[in-house]
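In: I would like the atomic coordinates for the input below:
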Amino acid sequence: MQMENFAPIMFAGLVVIMLIGFPVAFSLSALGLLSGFIAIEMGWFPPGFMANLPLNVFGILSNETLLAIPFFTLMGAVLEKCGLAEDMLDSMGQLFGPVRGGLGYSVIIVGFILGAITGTVAGQVIAMAMISLPVMMRYGYNMRYSAGVLAASGTITQLVPPSLVLIVMADQLGTDVGQMYKGAWGPSILQVLIFAIYTFLISRIRPSYVPGVPASARTLEGWALWGKCLRGIIPSAILIFAVLGSMGGLPFMDHAIATPTEAGAMGAVGSLILAAIHRRLNWPMLKEAMNGTMRLTAMVVFILIGSRVFSLVFQGVDGAKWIEHLLSGLPGGQIGFLIAVNVFVFFLAFFLDFFEIAFIILPMLGPVAAKLGIDMVWFGVLLCVNMQTSFMHPPFGFALFYLRGIADTLFKNGALPRKIESRDIYLGAIPWVGLQLLLVAIVIFFPQTVTVFLDKKVEVDIDKVKLEMPADLQSPDSGGINMDDPFGNKKSTEPDALPMPEPEAPAPGTDSKQ
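Out: Here you go, the predicted model:
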């Protein structure tokens with residue numbers, strides 16, 4: 001067997017083990033080690049090459065950028081359990097409820113706000129479904145629309161800063177986390193607008209699907225209602241602006257005063273303060289939040305270690321060159337590459353979690369994108385938009401599983417008038433997946449949606465640089481500047497010459513030749 005043929009075999013093995021369903025972190029490690037032993041036996045690289053593996057693992061554990069993940073996870077877990085979702089959904093639902101599609105608008109807006117402060121799809125979908133699904137069923141909302149809007153609004157959290165996915169993307173692509181956050185604001189806002197426009201069209205084409213809530217159903221009116229809305233939004237907005245602003249992750253901010261890790265730590269402390277303000281801070285809640293943070297962080301670390309084992313051997317057998325030749329030869333240049341990659345990631349997301357795609361696939365695609373001249377921030381945000389769909393794919397989308405579980409629980413508790421069928425959930429998700437793919441196309445063909453908020457790069461053309469001198473210093477009699485050495489770089493190496501004494505006149509009557 002030739003080494004050139006081993007990289008495709010490794011890649012095929014990677015696809016197979018990911019489809020088996022065994023935990024991918026351990027599958028990757030096993031495949032990488034087995035492939036490494038085969039490569040050493042075949043003489044493709046020496047045994048000492050595998051000595052780089054401990055150094056790679058130590059590099060993962062000492063990566064300060066990835067240290068931000070547990071901080072942001074803890075922040076989201078605490079805010080998820082301190083009642084913010086319930087308060088905002090209740091107030092927003094009463095504010096927009098009388099309008100056709102009002103409950104849908106409230107779910108979309110609250111999903112966007114919660115996405116910026118919690119960062120977890122599971123908690124967001126469950127919290128919003130528990131509050132909004134019974135209300136939607138009570139007032140006659142279409143079952144499929146209700147399931148779709150709840151699942152789709154929960155997945156917005158993957159794109160809205162400070163998303164954990166964007167931190168991982170920035171680390172794998174070697175770019176700045178703050179820049180990645182700035183680039184994600186444009187698609188995030190577009191996503192909310194697309195969802196809202198779709199809801200508006202449904203309210204006009206099929207008004208019976210999204211009827212308005214009777215005004216008599218309101219329990220608050222006037223300033224009391226607005227006050228409840230603002231009490232949920234303002235503290236959350238202050239926390240988000242403080243966290244993202246400190247790390248330069250907000251549009252039109254050119255400077256950062258904190259690293260992502262420091263900003264995450266500040267956000268974790270701020271979440272505890274918000275929980276205390278809402279009188280929800282207690283030991284059981286904090287213990288549950290810390291357990292969730294520990295599980296997610298351990299999962300990320302093990303996946304990353306497994307991917308490093310595989311990628312080390314894959315690069316050792318020139319797998320990177322094989323990927324580069326495979327993708328750089330696609331027709332269409334940058335656009336052809338982006339379309340092919342996004343189709344591949346879309347179907348891969350049927351079976352893989354976004355962390356697995358980011359750690360396993362992205363290191364293979366990043367170098368090829370860089371050689372094609374694609375901006376790494378744009379590329380990372382584009383793939384993040386695409387990977388939102390991994391939670392919405394029927395029948396494997398995790399958001400649909402979460403919604404399925406909470407709907408059964410609500411029906412058993414009597415909160416829902418009838419059971420929601422799996423068919424309604426899956427069919428309801430399809431239009432929203434289409435809207436997410438529409439956003440992918442917009443980002444591909446209109447890169448300005450990402451780059452509009454990025455820091456502008458200052459480029460200097462050395463050929464056009466000129467050194468100009470004031471005219472009064474260029475005259476010969478200026479006296480102050482030596483035109484042969486205008487910057488005074490040349491220093492005399494000899495001491496200043498001393499004046500020679502004049503010869504004395506001979507005394508009268510003496511011979512000067514003596």
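In: any idea where the strands of the stretch 201-350 of the chain begin and end?
Out: Assigned by DSSP state E, counting those that start in this stretch, the strands in the stretch 201-350 of the chain number zero.
In: Contact partners for the residue nearest to residue 335 when sequence neighbours are not counted?
Out: The shortest distance from residue 335 to any residue other than its chain neighbours is 7.0 Å, reached at residue 444 (Cβ to Cβ, 6 or more residues apart in numbering). Any C-beta I mention is one placed from the backbone N, CA and C, and that applies to glycine too. When the contact criterion is Cβ atoms under 8 Å, 6 or more residues apart in numbering, the partners of residue 444 are 335, 338-339, 342, 382.
In: mind running it again at 7 Å?
Out: Contact partners of residue 444, counting by Cβ atoms under 7 Å, 6 or more residues apart in numbering, are 335, 338, 382.
In: What distance do you get for the first one to residue 27?
Out: In other words, residue 335. Applying Cβ to Cβ, to the nearest Å, the value for residue 335 to residue 27 is 34 Å.
In: Which of those two has more residues huddled nearby?
Out: More crowded of residue 335 and residue 27, by other Cβ atoms under 10 Å: residue 27, with 19 against 12.
In: hang on, that one packs against residue 15?
Out: No: assessed by Cβ atoms under 7 Å, residue 27 is found out of contact with residue 15, at 11.2 Å.
In: Relative to residue 90, which of the contacts of residue 444 is nearest.
Out: Set against residue 90, the nearest of those by Cβ to Cβ is residue 382 (35.8 Å).
In: Based on its surroundings, how many neighbours for that closest one?
Out: Residue 382 has 27 neighbours, counted by other Cβ under 10 Å.
In: if I pick the closest residue to it other than its chain neighbours, what's in contact with it?
Out: Excluding the flanking residues, the one nearest residue 382 by Cβ to Cβ, 6+ apart is residue 443, at 5.0 Å. Shown in contact with residue 443 (Cβ under 7 Å, 6+ apart): 187, 381-382, 385, 449-450.
In: same thing with residue 447?
Out: Residue 447 sits next to residue 378 when contact means Cβ under 7 Å, 6+ apart.
In: Run through who's touching stretch 333-352.
Out: Applying Cβ under 7 Å, 6+ apart, the contact partners of stretch 333-352 are 18-19, 327, 330, 357, 361, 365, 372-374, 382-383, 386-387, 389-390, 393, 396, 440, 444.
In: Out of the residues you listed, name the ones that lie in strands.
Out: Among the contacts of stretch 333-352, none falls in strands (DSSP state E).
In: Contact partners for the most centrally placed residue in the chain?
Out: The centroid of the chain falls nearest to residue 166 when counting by Cα atoms, centre = their mean (1.3 Å). Residues in contact with residue 166, defined by Cβ under 7 Å, 6+ apart, are 180-181, 184, 384.
In: Please work out the average pLDDT along the helix or strand encompassing it.
Out: Counting by DSSP states H and E, the element that carries residue 166 is helix 164-173. Helix 164-173 shows a mean pLDDT of 87.
In: Keeping just the C-alphas, turn that helix into PDB.
Out: Extracted C-alpha coordinates of helix 164-173, given in PDB (Å, rounded to 0.1, in the frame of the first residue of the first chain):
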ATOM      1  CA  LEU A 164     -19.500  28.700  22.700                       C
ATOM      2  CA  VAL A 165     -19.400  27.600  19.000                       C
ATOM      3  CA  LEU A 166     -17.800  30.900  18.000                       C
ATOM      4  CA  ILE A 167     -15.100  30.500  20.700                       C
ATOM      5  CA  VAL A 168     -14.200  27.000  19.300                       C
ATOM      6  CA  MET A 169     -14.300  28.400  15.700                       C
ATOM      7  CA  ALA A 170     -11.900  31.200  16.600                       C
ATOM      8  CA  ASP A 171      -9.500  28.800  18.300                       C
ATOM      9  CA  GLN A 172      -9.500  26.200  15.500                       C
ATOM     10  CA  LEU A 173      -9.100  28.900  12.700                       C
END
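In: still on that earlier bit, closest to residue 99 out of the contacts of residue 166?
Out: residue 184 (29.0 Å).
In: Find me the pLDDT at that closest one, would you?
Out: pLDDT, residue 184: 92.
In: For it, give me its contacts.
Out: By Cβ under 7 Å, 6+ apart, the neighbours of residue 184 are 159, 161, 163, 166, 381, 384.
In: what about it, which helix or strand?
Out: Using DSSP H and E, residue 184 falls within helix 177-205.
In: can you give me the angle the longest helix along the chain makes with helix 164-173?
Out: Using DSSP state H, we find that the single longest helix of the chain is helix 283-316. Orientation check (axes from the mean of the first three to the mean of the last three Cα atoms, to 10 degrees): helix 283-316 against helix 164-173 gives 30 degrees.
In: Mind pulling up the pLDDT for residue 207?
Out: With respect to pLDDT, residue 207 scores 90.
In: looking at it, it is touching residue 101, isn't it?
Out: No: Residue 207 lies out of contact with residue 101 (Cβ under 7 Å); the separation is 8.7 Å.
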